[in-house]
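**Q** what would the 3D arrangement of this be:
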Amino acid sequence: MDMLSTAMNIFNGTYTDERGWKHYRVNGKSYDIRMHPMTLEWSCSCPAYKFGRGKACKHIKEIQNN
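**A** Numbering: from 1, shown residues only. A predicted model of the protein is given here:
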């Protein structure tokens, strides 16, 4: 487990960066799922999101449903 994943587990599984993006992690995955609260824009670093031309992947849907 990398240091960022360890820190996210300590701080309730999320963190907010200096630009306002809220970052999430799905348990067992290293993908960076992020959401901007002002624009409600979601993104994920997984291949399905990148090749799906911005369609919500299963990782984004899992975070949204929690």
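**Q** make sure R34 is indeed in a strand.
**A** Yes. Secondary structure of R34 (DSSP: H, G, I helix; E, B strand; the rest coil): part of a strand.
**Q** is it true that it touches S43?
**A** Yes. Taking Cβ atoms under 8 Å as the definition, R34 is a contact partner of S43 at 5.5 Å. (Each C-beta comes from the backbone N, C-alpha and C, glycine too.)
**Q** neighbour count winner among those two?
**A** R34 (21 against 17; other Cβ atoms under 10 Å).
**Q** so after the least confident helix or strand in the chain by mean pLDDT, what's the next helix or strand?
**A** Least confident helix or strand, the chain: helix 3-10 with a mean of 70, by mean pLDDT, DSSP states H and E. Note on helix 3-10: by DSSP states H and E, the next helix or strand toward the C-terminus is strand 14-16.
**Q** tell me where the model's unsure across this protein.
**A** Low-confidence segments of the chain (pLDDT under 70): 1-2, 4-5, 9, 11-12.
**Q** kindly recompute the last result at 80.
**A** Low-confidence segments of the chain (pLDDT under 80): 1-13, 26-29, 53-54, 66.
**Q** with adjacent residues omitted, what lies nearest to the residue positioned nearest the centre of it?
**A** The C-alpha lying nearest the average C-alpha coordinate of the chain belongs to I33 (Cα atoms, centre = their mean; 1.4 Å). The shortest distance from I33 to any non-neighbouring residue, by Cβ to Cβ, 6 or more residues apart in numbering, is to Y24 (4.4 Å).
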